[in-house]
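The following comprises the amino acid sequence and a computationally predicted model.
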Amino acid sequence: MSHLQDLPEYLIWANGRVLQMLRETAVDDDHRIFAHILAAERVWASTLMDEPRPCPVWPGWTLDECVPLIPDNGARYRQILDARSLDEPVAYRFSTGEAFESSVGRILLHVLAHGAYHRGQIAQDVRRAGGQIIDTDYILFPGSEY
């Protein structure tokens with residue numbers, strides 16, 4: 001779990017690389033998936049910061065509207081990691097209204113896995129469209145100690 005300390009910087013790095021891929025290769029509808037990644041990051045950060053849900057998880061933002069969220073989401077996760085214990089419990093509700101409780105660390109792992117899943121979808125679409133893939137694997141992240 002100590003590697004979660006890299007999460008804010010990794011999100012900025014990986015999302016910036018996806019933005020570059022999408023700007024270099026126009027792929028139908030993948031900006032929606034990218035916006036979803038950023039919106040989900042924002043929603044989970046707001047949950048961890050005990051703030052109201054700031055946006056829908058499928059917001060329909062343009063690529064240009066996504067740009068400022070990349071560093072802002074990273075900054076929010078840095079604040080969270082500086083202020084909260086990974087083992088600390090968090091009570092929350094899904095958009096369905098169902099109540100849950102998870103630890104800060106489990107939520108952060110979810111954010112990491114969720115983004116990786118959707119970044120992979122985008123990479124496949126870029127490859128199919130003949131574009132150049134820019135790898136976003138954590139192992140390649142410059143802050144990674146592996």
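Looks like it came in fine. Residues are numbered from 1 along each chain as shown.

contacting residues around the residue of the chain most remote from its centre?
Relative to the mean C-alpha coordinate of the chain, counting by C-alpha atoms, centre = their mean, the farthest residue is Gly130 (25.0 Å). Applying C-beta atoms under 8 Å, 6 or more residues apart in numbering to Gly130 gives the contacts Thr25. For glycine as for every other residue, the C-beta is placed from the backbone atoms N, C-alpha and C.

My guess is Trp58 contacts Ala40. True?
No: with contact defined as C-beta atoms under 8 Å, Trp58 and Ala40 do not form a contacting pair (9.1 Å).

higher neighbour count, those two?
For Trp58 and Ala40, the more surrounded residue by other C-beta atoms under 10 Å is Ala40, and the numbers stand at 20 against 12.

Can you list the buried residues in the host helix or strand of the more buried one?
When secondary structure is defined using DSSP states H and E, the element that contains Ala40 is helix 30-48. Across helix 30-48, burial judged by 16 or more other C-beta atoms under 10 Å covers 30-31, 33-48.

helices or strands next to the following helix or strand past that helix in the packing?
Per DSSP H and E, the first helix or strand lying C-terminal to helix 30-48 is helix 63-66. For helix 63-66, the helices and strands in contact under the criterion 3 or more C-beta pairs under 8 Å, 6 or more residues apart in numbering; DSSP states H and E are helix 7-24, helix 30-48.

In which helix or strand does Pro71 reside?
Secondary structure here is read from DSSP H and E; on that basis Pro71 sits in helix 69-83.

Which helix or strand lies directly C-terminal to that helix?
Scanning onward from helix 69-83 (DSSP H and E), the first element met is strand 89-93.

Now tell me what touches the helix or strand where Ile107 lies from outside.
Element membership of Ile107 [criterion: DSSP H and E] is helix 104-128. Taking C-beta under 8 Å, 6+ apart as the criterion, the residues outside helix 104-128 that touch it are 1, 4, 7, 10-11, 14-15, 18, 21-22, 25, 27, 30, 33-34, 36-37, 40-41, 44, 47-48, 77, 80-81, 84-88, 90, 102, 132-136, 138.

what about burial for the residues you listed, which qualify?
Burial by neighbour count, judged by 16+ other C-beta under 10 Å, picks out 4, 7, 10-11, 14-15, 18, 21-22, 25, 27, 30, 33-34, 36-37, 40-41, 44, 47-48, 77, 80-81, 84, 86, 90, 134, 136, 138 from the contacts of helix 104-128.
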